[in-house]
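**Q** Just the structure for this:
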Amino acid sequence: MGDSFTLTELTTVKYQRMDVCAAIHKRTAWRAPYALTTALELLSVEMPRIASNHQRIMQSTVVAVPHPNAKRRVKGITAVVWPFSIDTVTVDGQFTCTSPACTWAMLSGYLDLEELIVLVDSMMRRDRRLRRTTTDDLAMYLDSVYQQVQEAKNEGTNTRLFRGYNNCRRALLVARSGTDSSMETRTRLVPVRYGLDMPQVNYLIFLGGSGKPVYLDLAYPEYKICIEYEGSHHARQWLGDTKRRQDIEDAKWKYIQVTKLDIGHEDREEALARRIAEKIQEVTGKRVQLTPRKTIRQICDARTIKRAPLYKRLCFAPLLPASGVDGQ
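**A** Below you'll find the model as predicted:
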């Protein structure tokens, strides 16, 4: 299981894809908008994990067309039919691709629910250079598709919503803007699988006498517990990360380190959830019981999302507000 891609790596992939598209433009005047994974590469959006049975089409240069008759035979291009609104953007003034919202909706038929959530977060990075959309824009696109289908039905046309539409709606319920990596998103979903609350994303604190601002990857401010995902790039900045951890712990935060070895296997993810629960117990003095592992669909259920936060169920007065910053 690999780590997330950096801005530099995503930019490199973007320019490699632009070279491929430029070569295609020399061979054909057809300008259907690029779509699916080709659009993600042009938009510098981190690629989600795609099932092996879809790898062949995803490794192609893919374009979107509104109906089968719009397809053309062009070497090196795979055309997919998208009968809904094909919203587009232009990359570097040269290459037209489906918009982030349209791309996400199209990919919902190829991704499981967890990876669909990962992709949403990847499109809404904290780094503005990688931020491509908002949950409002994504919801508006889904609304437009729903309206299109309803209008077609009113006219007597047997039209259906696209495969993956319901998962898109579910994904928006737990998506979070301001993330830094796909692995942080996968880490964020782990405790919820075992009945714990969803941690806050990039919680801002101020450390030391200088008031240095630091964003915690994931945090439970109500218990002053932080969860930091450390990818392979952290090995190259060991001293800086060690000082960062020391400063965080000096501010009386409990620190949980996560690596790729903690994510992706049920037994390891349960062990991580147990580590988090034990830290909560240390702070609250109350026993925290994990639940049997839930599916991603179950954690997107409204009953799970709307339930009272754990600190209320433990009758514990939060140390810090869930929203806001820690000024220590």
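
**Q** quick one: the strands in the stretch 201-328 of the chain?
**A** 212-220, 225-229, 254-258 (DSSP state E, counting those that start in this stretch).

**Q** So what are the structural domains in this structure, by residue number?
**A** For the chain, automatic domain parsing gives the domain ranges 7-174, 182-313.

**Q** Would you single out the least confident of the ones you listed?
**A** The weakest mean pLDDT among the domains of the chain belongs to domain 182-313, with a mean of 91.

**Q** about what we covered before: including distance to residue 204 and mean neighbour count, could the strands of the stretch 201-328 of the chain go into JSON lines?
**A** C-beta: built from backbone N, CA, C; applies to glycine. Shown next, in JSON lines, are those (distance: least, Cβ to Cβ, whole Å; neighbours: other Cβ atoms under 10 Å):
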{"stretch": "strand 212-220", "distance to residue 204": "6", "mean neighbour count": "20"}
{"stretch": "strand 225-229", "distance to residue 204": "12", "mean neighbour count": "24"}
{"stretch": "strand 254-258", "distance to residue 204": "16", "mean neighbour count": "18"}
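
**Q** Mind putting these into CSV with distance to residue 80?
**A** CSV is the format used below for these (distance: least, Cβ to Cβ, whole Å):
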stretch, distance to residue 80
strand 212-220, 35
strand 225-229, 34
strand 254-258, 36
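
**Q** Residue 291: which of those is closest?
**A** Of all these, strand 212-220 sits nearest to residue 291, with 17.1 Å by Cβ to Cβ.

**Q** Centre of the chain to that closest one, how far?
**A** Distance, stretch centre to chain centre, for strand 212-220: 18 Å (Cα atoms, centre = their mean, to the nearest Å).

**Q** for it, packing partners?
**A** Here strand 212-220 touches helix 182-193, strand 200-207, strand 225-229, helix 238-250, going by 3 or more Cβ pairs under 8 Å, 6 or more residues apart in numbering; DSSP states H and E.

**Q** For that strand, list the C-alpha coordinates in CSV.
**A** Presented in CSV, the C-alpha positions along strand 212-220 are these (Å, rounded to 0.1, in the frame of the first residue of the first chain):
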residue,chain,number,x,y,z
LYS,A,212,3.8,28.8,16.0
PRO,A,213,0.7,27.5,14.1
VAL,A,214,0.6,23.8,13.5
TYR,A,215,-2.1,21.8,11.7
LEU,A,216,-2.7,18.4,13.2
ASP,A,217,-3.5,15.7,10.6
LEU,A,218,-6.4,14.4,12.6
ALA,A,219,-7.5,15.3,16.1
TYR,A,220,-10.0,14.8,18.9
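
**Q** Could I get the full set of helices for the stretch 51-200 of the chain?
**A** Along the stretch 51-200 of the chain, the stretches classed as helices by DSSP state H, counting those that start in this stretch are 55-58, 100-107, 113-122, 135-154, 165-174, 182-193.

**Q** Now render the helices and strands packed on strand 212-220 as JSON lines, adding distance to residue 61.
**A** Formatted as JSON lines, the helices and strands packed on strand 212-220 follow (distance: least, Cβ to Cβ, whole Å):
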{"stretch": "helix 182-193", "distance to residue 61": "23"}
{"stretch": "strand 200-207", "distance to residue 61": "34"}
{"stretch": "strand 225-229", "distance to residue 61": "32"}
{"stretch": "helix 238-250", "distance to residue 61": "39"}
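
**Q** mind checking which of the ones you listed is nearest residue 269?
**A** helix 182-193 (4.8 Å).

**Q** CA-only coordinates of that closest one in PDB, if you can.
**A** The C-alpha coordinates for helix 182-193 follow below in PDB (Å, rounded to 0.1, in the frame of the first residue of the first chain):
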ATOM      1  CA  SER A 182      -5.500  10.100   0.700                       C
ATOM      2  CA  MET A 183      -3.900   8.100   3.400                       C
ATOM      3  CA  GLU A 184      -5.100  10.600   6.000                       C
ATOM      4  CA  THR A 185      -8.600  10.000   4.700                       C
ATOM      5  CA  ARG A 186      -8.300   6.300   4.900                       C
ATOM      6  CA  THR A 187      -6.900   6.700   8.500                       C
ATOM      7  CA  ARG A 188      -9.800   9.000   9.400                       C
ATOM      8  CA  LEU A 189     -12.400   6.400   8.400                       C
ATOM      9  CA  VAL A 190     -10.800   3.700  10.600                       C
ATOM     10  CA  PRO A 191     -12.000   4.700  14.100                       C
ATOM     11  CA  VAL A 192     -15.600   5.200  12.900                       C
ATOM     12  CA  ARG A 193     -15.700   1.600  11.600                       C
END
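
**Q** measure residue 309 to residue 39 for me?
**A** Separation of residue 309 from residue 39 (Cβ to Cβ, to the nearest Å): 38 Å.

**Q** who has more neighbours, those two?
**A** Legend: neighbour count by other Cβ atoms under 10 Å for residue 309 and residue 39, higher for residue 39 (29 against 14).

**Q** Chain neighbours aside, what residue packs nearest to the more buried one?
**A** residue 97 (4.0 Å; Cβ to Cβ, 6 or more residues apart in numbering).

**Q** ok, what's across the strand from the one you found?
**A** Residue 97 has these beta-bridge partners by DSSP bridges: residue 34, residue 89.

**Q** wait, it sits on residue 106?
**A** No: using Cβ atoms under 8 Å, residue 97 is not in contact with residue 106, being 10.9 Å away.
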